[in-house]
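1. I'd like to go over a predicted model; first the sequence, then the structure.
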Amino acid sequence: MEEGSKSKKTVFVGGISDDTDETALYESFSTFGDIIEVQLPPPATTHHHYQNASTNKAKHRGFAFVTFGSSADAQDAIDNMDMNELKGRVLKVNLARPMKGTLQPGGNRAVWESEEWLKEHVKPLAQSGGKFTHAL
């Protein structure tokens with residue numbers, strides 16, 4: 001399957017509640033056609049130990065991706081589920097778009113980690129107008 005055709009079959013489902021799981025999404029969206037996959041991205045890992053216990057119990061990020069067998073089924077799901085309620089939350093449902101970060105060769109790296117960026121934007125201290133003193 002081509003990546004372009006998969007994106008037209010995958011819908012983004014935003015605003016889902018914490019207690020919503022893959023099964024609930026499958027049951028809600030399967031009425032619109034054959035579902036190939038349901039993805040609930042896990043929460044981003046953090047290194048903070050001072051977070052309260054309820055934050056650490058999050059099962060997902062509050063959104064999901066549902067991939068249908070056909071783009072027509074995906075469109076039916078969008079038309080029928082967008083702004084509808086699931087488990088007390090109003091859903092935002094639209095076609096999933098590819099992540100912008102995957103198109104960039106550096107990924108999620110800081111721009112100054114690139115040699116090209118450094119060569120173009122960084123000047124030696126003497127040329128930048130900054131003060132440099134030797135401390136011995």
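-> Yep, that arrived.

2. Next, the buried residues of the helix or strand hosting V11.
-> In the assignment (DSSP states H and E), V11 maps to strand 10-14. Across strand 10-14, burial judged by 16 or more other Cβ atoms under 10 Å covers 10-13. Just so you know, the C-beta spots here come from the backbone N, C-alpha and C atoms, and that holds for glycine as well.

3. Over to stretch 85-98?
-> 86, 89, 91, 93, 96.

4. tell me the contacts of the third one?
-> Applying Cβ atoms under 8 Å, 6 or more residues apart in numbering, we find L91 in contact with 13-16, 81-85.

5. Output those in TSV; the columns should cover pLDDT.
-> Formatted as TSV, the contacts of L91 follow (pLDDT from 0 to 100):
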residue	pLDDT
V13	96
G14	95
G15	95
I16	95
M81	97
D82	96
M83	96
N84	95
E85	95
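
6. Reformat those residues as JSON lines; add distance to F63.
-> Listed next are the contacts of L91 as JSON lines, based on distance: Cβ to Cβ, whole Å:
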{"residue": "V13", "distance to F63": "6"}
{"residue": "G14", "distance to F63": "5"}
{"residue": "G15", "distance to F63": "7"}
{"residue": "I16", "distance to F63": "6"}
{"residue": "M81", "distance to F63": "13"}
{"residue": "D82", "distance to F63": "13"}
{"residue": "M83", "distance to F63": "15"}
{"residue": "N84", "distance to F63": "15"}
{"residue": "E85", "distance to F63": "16"}
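
7. Return the member of the buried residues of stretch 85-98 nearest to P41.
-> Distance ranking of those against P41, using Cβ to Cβ, places A96 first at 11.6 Å.

8. so what's the nearest residue to K92 once chain neighbours are set aside bridging to?
-> Nearest non-adjacent residue to K92, counting by Cβ to Cβ, 6 or more residues apart in numbering: G14, 4.0 Å away. Under DSSP bridges, the beta-bridge partners of G14 are F63, K92.

9. Setting aside sequence neighbours, what's the nearest residue to D73?
-> Leaving aside its sequence neighbours, D73 sits nearest to G33 (Cβ to Cβ, 6+ apart; 2.6 Å).
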